[in-house]
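>>> next come a sequence and a model predicted from it.
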Amino acid sequence: MNRGNPKKVLIILGCVCLLLAFLPVFTDSRYFMHLVIMTCVNIMLGLSFSMLFSTGLITMGAAGFWGIGAYTSALLVLKAGLSFWIALPLAALMTALVAFVVGIVIVRAPGVAFIIQTMVVNMILVQVFGHFEFFGGWAGLLDIPAPNPIGPITFTSKTANYYLILVLLLVNILGFYALYTSRVGRAWSAIRLNARLAETLSVDIFRYRLAAFMISAAGAGLAGSFYAHYFQTLEPNMFNVFKSIYVQIYSILGGLNFYILGPVIGAAIITFVPELLRVGKEIEPIMTGTVLIFLVIFLPGGILSLPERIGFFRNGPMASSPEKVPVETEKKEGAP
Amino acid sequence: MFLQVNNISVRYGKAEALRNVSMRVDKGEIVSLIGSNGAGKTTTLRSISGLVPYYGGEIVFQGRRLNGVAPHEIVGMGIAHVPEGRRVFSSMTVTENLELGAYLRNDRASVTRDLDRIYTSFPVLNNRARQKAGSLSGGEQQMLAIARALMASPTVLLLDEPSLGLSPKLVREVARIVLDINGQGVTIILIEQNARMALRLSHRAYILELGQIILEGNAKELINDEKVKKAYLGSTQGEKS
């Protein structure tokens, strides 16, 4: 794999950020802004999936942890009367805590066992949200207030919510990027590439996978908290396994080896394309599923693997995945 | 006692891989395990580094029982394992591979110093520091696997078939490196198909057959032992030890 030029990456990243920052200026379509906001939320979910994938685990429960974040935040505001700004970090914390408890049990068994167990956890969570009156039952929670205003800024408009999720997404991406380029990230990819070998090199597989499980859950929880107060209505089936499968598709479509850019590209496409094509809600899953099947057969590396596959963009920024840009190495090689 | 294996047995399902194996290794020694395929050499090494569960006995390293200790903790105690088949992380660079070997160590300065030292004693790797490990030749990958284990600054190095599939020239190179590492005070347990080379390198040796130790002793004596000559050293009887 090629390593991207870090300067080029930064310039492109800067341009994208600038464009995104001024996006609301170019459009006054509330519908378009809604899609952009949902894209950001979905990206955060995809990032969460990809973080676990970076340790060699495949989760089918991302939506469940998203739900924990959403319900925690909504209940803290509705029942405990807390401010959104306090509920937001608490929701992420709560999600990580649940992941810790669940993870201790299920992280030890990788492979198919882990996939099934995360799926079952997701199903149980949906049942819990629906069964207990405390969580609003199957009818869900209604009238969740929008995030509390900060000074003159209120979060009732699409634009304000857009900036809020943009900041959350940016924090999420930067945090995950820092992890991927650190010792921790290196250990994760060693585990993913060859767990047995990593173990003989003193990497504590269980601890590192559990950490990834908790951190990825916290990211999903953060997205959940925002979603609850943006959408203002929660219903258990929003967080079912079906959604978890969609989260997988974001990461697979973008490219599984690109832990950050993959979910970004994948979530954007899956959120936008069906809407632009005006496909019906009933037909959309059929379409997405068909696309996924062809993708796995003909382009298993996802869209971002295309440049490398056709030998184009050899040294382009598109060819760089976070795993492949280890900052520390550059320093080391200067030494004689 | 430095490292002692007392009476351990290992089963893979119904198959018995090791039966009542006992061995001792003194500090600073090179000890080889010799035997045909399936004799249990690799299983013995994997037991020592905690990669397979064993029963019946115990493994004691510097007064600490290793039974049930996790592999990564065993590395932390100073026992590094170079698995057979020169396993490297092929999509990572040589430097990244080496840094993974120093994973437990927090002292960046001493890790950098060790990296420089390794690059001095393995010049091949120095030239390829930025290349993907997968692009190295077989011999280079083997050097990398050994060098990576050394990055943990171990007191005991477990080497599983380091010369397998290498050209005669590289086999001699590996032999030189093994002696070199031992000269720096690292105790070595060596598995070799090439029994002659193993016996020449090591101080003592254990001969395994069907999961049991059938013979042990001084390497110099074993190399002249008629039984060993016949079974493991081929028919070239006239060769001097």
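Structure's in. What do you need?

>>> use CA for all of it now, contacts and neighbours both
OK.

>>> element containing the residue in chain B that chain A sits nearest to?
When distances are taken as CA to the nearest CA, chain B reaches nearest to chain A at B:H72, 3.6 Å away. Secondary-structure assignment from DSSP states H and E places B:H72 in helix B:71-76.

>>> tell me which helix or strand comes right after that helix.
strand B:79-82.

>>> hmm, who's touching the helix or strand just after that next one?
Under the assignment DSSP H and E, the closest C-terminal helix or strand after strand B:79-82 is helix B:94-101. Contact with helix B:94-101 is made by A:186-187, A:201-202, A:329, B:88-89, B:111, B:115, B:125, B:128-133, B:144, B:147-152, as judged by CA atoms under 8 Å, 6 or more residues apart in numbering or on different chains.

>>> could you find the closest non-adjacent residue to the residue of chain B closest to chain A?
With CA to CA, 6 or more residues apart in numbering or on different chains as the criterion, B:H72 has its nearest non-adjacent residue at 3.6 Å, and that residue is A:S202.

>>> how many residues are close by the one you found?
A:S202: 27 surrounding residues under other CA atoms under 10 Å in any protein chain shown.

>>> quick one, what contacts it?
Residues counted as contacts of A:S202 (CA under 8 Å, 6+ apart) are B:P71, B:H72, B:E73, B:I74, B:V75, B:G76, B:G101, B:Y103, B:L104.

>>> who wins on neighbours among those residues?
Each of those was scored by neighbours using other CA under 10 Å; the highest score is B:P71's, at 29 neighbours.

>>> who does the residue nearest to the spatial centre of chain B bridge with?
The centroid of chain B falls nearest to B:L159 when counting by CA atoms, centre = their mean (1.4 Å). The partner list for B:L159 in beta bridges (DSSP bridges) reads B:V82, B:L190.

>>> residue in chain A nearest to chain B?
The shortest separation between chain A and chain B is 3.6 Å, found at A:S202 (distances taken as CA to the nearest CA).

>>> secondary structure class for that residue?
Reducing the assignment at A:S202 to three states with DSSP: H, G, I helix; E, B strand; the rest coil gives coil.

>>> and what of B:I214?
Using three-state DSSP as the criterion, the local structure at B:I214 reads strand.

>>> go on, the one 3 residues further on?
Put simply, B:G217 is strand when judged by three-state DSSP.

>>> burial measure for it, as a count.
Using other CA under 10 Å: B:G217 sits among 14 other residues.

>>> same check on A:A195?
Other residues within reach of A:A195 by the criterion other CA under 10 Å amount to 19.

>>> likewise A:F298?
Per other CA under 10 Å, the neighbour tally for A:F298 reads 10.

>>> now it: how far from A:L253?
The span separating A:F298 from A:L253 equals 12 Å under the rule CA to CA, to the nearest Å.

>>> B:I8 too?
50 Å.

>>> those two - which one has more neighbours?
Here B:I8 and A:L253 are compared on neighbour count by other CA under 10 Å; more neighbours surround A:L253, at 27 against 20.

>>> what residues are up against the more buried one?
Residues touching A:L253, when contacts are defined by CA under 8 Å, 6+ apart, comprise A:G262, A:P263, A:I265, A:G266, A:L292, A:L295, A:G302, A:I303.

>>> a helix runs through the third one, doesn't it?
Yes: when three-state DSSP is applied, A:I265 is found to be in a helix.

>>> follow-up on the earlier one: I figured the residue nearest to the centre of chain B was touching B:I188, is that so?
Yes: B:L159 sits in contact with B:I188 when judged by CA atoms under 8 Å, with a separation of 7.3 Å.

>>> all helices for the stretch 201-336 of chain A, in order.
Counting by DSSP state H, counting those that start in this stretch, the stretch 201-336 of chain A has these helices, from start to end: A:205-231, A:241-254, A:261-276, A:284-298, A:306-309, A:327-334.

>>> the second one: which residues count as buried?
Within helix A:241-254, the residues that qualify as buried are A:241-254, counting by 16 or more other CA atoms under 10 Å in any protein chain shown.

>>> now do the first one
Residues of helix A:205-231 classed as buried by neighbour count (16+ other CA under 10 Å): A:205-206, A:208-230.

>>> around chain A, pick out the residues from chain B.
With the criterion set to CA under 8 Å from any CA of the partner chain, chain B comes near chain A through B:49, B:71-76, B:80-81, B:83, B:87, B:89, B:91, B:95-96, B:100-104, B:112, B:116, B:129-130, B:149, B:152.

>>> mind running it again at 7 Å?
Residues of chain B that fall close to chain A, judged by CA under 7 Å from any CA of the partner chain: B:71-73, B:75-76, B:81, B:89, B:95-96, B:100-101, B:103-104.

>>> any chance you could map the strands in chain B?
When secondary structure is read from DSSP state E, chain B shows strands at B:3-12, B:15-25, B:30-34, B:58-61, B:64-65, B:79-82, B:156-160, B:187-191, B:204-209, B:212-218.

>>> can I get the ones you listed in TSV including distance to A:E308 and mean pLDDT?
Below are the strands of chain B laid out as TSV (distance: least, CA to CA, whole Å; pLDDT from 0 to 100):
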stretch	distance to A:E308	mean pLDDT
strand B:3-12	43	92
strand B:15-25	45	92
strand B:30-34	46	94
strand B:58-61	49	95
strand B:64-65	50	94
strand B:79-82	33	93
strand B:156-160	36	95
strand B:187-191	41	95
strand B:204-209	49	92
strand B:212-218	52	90
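
>>> so which of those is the most packed in?
strand B:79-82 (a mean of 28; mean count of other CA atoms under 10 Å in any protein chain shown).

>>> so which elements touch that one?
Taking 3 or more CA pairs under 7 Å, 6 or more residues apart in numbering or on different chains; DSSP states H and E as the contact definition, the neighbouring helices and strands of strand B:79-82 are helix B:138-150, strand B:156-160.

>>> show me what the longest one is packed up against.
Think helix B:138-150. Based on contacts counted as 3+ CA pairs under 7 Å, 6+ apart, the elements that helix B:138-150 packs against are strand B:79-82, helix B:94-101.

>>> can you check the shortest one too?
Using 3+ CA pairs under 7 Å, 6+ apart as the contact criterion, the elements in contact with strand B:156-160 are strand B:79-82, strand B:187-191.

>>> can I get the CA coordinates of the least confident helix or strand in chain B by mean pLDDT in CSV?
The helix or strand of chain B with the poorest confidence is helix B:226-232; it has a mean of 80 (mean pLDDT, DSSP states H and E). Output of helix B:226-232 as CSV, limited to C-alpha atoms (Å, rounded to 0.1, in the frame of the first residue of the first chain):
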residue,chain,number,x,y,z
GLU,B,226,25.8,-44.0,17.6
LYS,B,227,22.0,-43.9,18.0
VAL,B,228,21.9,-40.2,17.4
LYS,B,229,24.2,-40.5,14.4
LYS,B,230,22.0,-43.2,12.9
ALA,B,231,18.7,-41.6,13.5
TYR,B,232,19.3,-37.9,13.1
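
>>> show me where pLDDT drops low in the chain?
No chain was given, so I picked chain A. A:1-6, A:311-336 (pLDDT under 70).

>>> oops, chain B please
B:234-241.

>>> what angle do helix B:138-150 and the longest helix anywhere in it make with each other?
Among the segments of chain B that qualify as a helix by DSSP state H, the longest is helix B:168-183. Regarding helix B:168-183 and helix B:138-150, their directions subtend 10 degrees when assessed with axes from the mean of the first three to the mean of the last three CA atoms, to 10 degrees.
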